[in-house]
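# Mind looking at a prediction? Sequence and model below.
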Amino acid sequence: MTTKKFMYVNRRAPYGTIYAWEALEVVLIGAAFEQDVSMAFVDDGVFQLLKGQDTSGIDMKNFSPTYSALGDYEVTKIYVEKESLEERGLTLDDLQHLVWEDEDEDWAEKDSIRLVSRAELAEVFAGQDVMFNF
Amino acid sequence: MSILHIVNKSPYERNSVALAVDYMRDGDTLLLIEDAVYTVMQGGKAASIIDGQKAVVLGPDLAARGIAKEKMIDGVEVVDYAGFVDLVEASDKTQSWL
C-alpha cells in the first residue's frame, strides 16, 4: 500500500461541539493504516491542547489525555499555528507537552509540537496528499 | 425589567458575545457558558468585548476547558450550576444567544 500524507486540520474548541473528539478518533484509526499523519491546530482548535482540562463538572469525557498518546501511534507531526495562539493570549507553555520516541535514535524523546506561522502552515498544507477538516 | 443574556459560542468563532453585549441595558447580566467561557481568557483579543459589562462565567465549563482562575481577566464572577439557577431566578427573563 502506498503511503499518503494525511493532514487533519482542527479548528474547533473541545466539548462545545463533537468535532475535536471525532477528529481524534479518525486520526487514531488513520494512524493504524500506517499513513503519514500530521495534525494542525488552527483557530479555536488550539484550545484542544490546553493543559489542565477537568471535565468532572460537566459530565463529559475528558479526552485531552489522548493527545499525549498520539506519539505512540506514530503521529509525531503536530503543527500549532502561532497567530491563533497569540490572538487567544496563549503561548506554548499553556499547551500540553507532547512528545514521541524516535526508534532510529535509541528511543530519544522528541517534541511533537511544531509552532509555525500561518504562512509556514500553508506550505505544509501544500505538500499534503489528503486533507481532513474538523 | 432585567434580562439575563446567555451565550454559549466562542467569541473567536461567532459574534454572539459581541451582539449580546450590544443588546445589554442597565441592570442586565451576561452569562458565559460552554465555548463562550473562552471570552474571559487573559491576553485574548476577545476579552475586551466584555469590558465594563456585568459578566458572569460558569465554573464547570472553565474547568473543563483548562482555564485556571489566574488565567482569567479581572472583574468576572464565577458561578456553579446553582448560581446559574439563582441568576435565572433573579432576572425577569432570559435571552439565549444561540
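Yep, it's here. Computed from a prediction, not measured in an experiment: that's the story for all the values here.

# From here on, just use CA atoms for contacts and neighbour counts.
Fine.

# Relative to residue A:48, how far out is the closest residue to residue A:74 other than its chain neighbours?
Residue nearest to residue A:74 in three dimensions, not counting chain neighbours: residue A:31, with 7.0 Å by CA to CA, 6 or more residues apart in numbering or on different chains. Shown here: residue A:31 relative to residue A:48, a distance of 19 Å by CA to CA, to the nearest Å.

# So between the two, which is more surrounded?
When residue A:31 and residue A:48 are compared for neighbours, residue A:48 comes out ahead with 25 against 19, by other CA atoms under 10 Å in any protein chain shown.

# thinking again about what came up before, list the contacts for the residue nearest to residue A:74?
Listed by CA atoms under 8 Å, 6 or more residues apart in numbering or on different chains, the contact set of residue A:31 reads A:37, A:73, A:74, A:75.

# Give me the secondary structure label for the last one.
For residue A:75, the secondary-structure state derived from DSSP: H, G, I helix; E, B strand; the rest coil is coil.

# Now it. Nearest residue, chain neighbours left out?
Nearest-residue entry for residue A:75: residue A:37, 5.8 Å, with adjacent residues in sequence omitted and distances by CA to CA, 6+ apart.

# Assign the one you found to helix, strand or coil.
Following three-state DSSP, residue A:37 is assigned to strand.

# you'd agree residue A:57 is up against residue B:60?
Yes - counting by CA atoms under 8 Å, residue A:57 does reach residue B:60; the two are 4.8 Å apart.

# quick one: which of these two has more around it?
Ranked by neighbour count (other CA under 10 Å), residue A:57 and residue B:60 place residue B:60 first, with 21 against 14.

# Tell me the secondary structure of that one, please.
Residue B:60 carries the three-state label helix when classified by three-state DSSP.

# I figured it was touching residue A:55, is that so?
Yes - with contacts defined as CA under 8 Å, residue B:60 counts as touching residue A:55 at a distance of 7.3 Å.

# where does chain A dip in pLDDT?
Segments of chain A classed as low confidence (criterion: pLDDT under 70) are A:1.

# What number of residues are in the vicinity of residue A:130?
Using other CA under 10 Å, residue A:130 is surrounded by 13 other residues.

# Helices along chain B, start to end?
When assigned using DSSP state H, the helices of chain B occupy the ranges B:16-23, B:59-64, B:81-90.

# Deepest in the core, which of the ones you listed is it.
Of all the helices of chain B, helix B:59-64 carries the top mean neighbour count, a mean of 24, counting by mean count of other CA atoms under 10 Å in any protein chain shown.

# And the contacts of that one?
Applying CA under 8 Å, 6+ apart, the contact partners of helix B:59-64 are A:52-58, A:62, B:33-35, B:37-38, B:68, B:78-80.

# Centre of the chain to it, how far?
Distance, stretch centre to chain centre, for helix B:59-64: 12 Å (CA atoms, centre = their mean, to the nearest Å).

# picking up where we left off before, please identify which two of the contacts of residue A:31 are farthest apart in space.
Greatest spacing in these, by CA to CA: A:37 and A:73 (9.6 Å).
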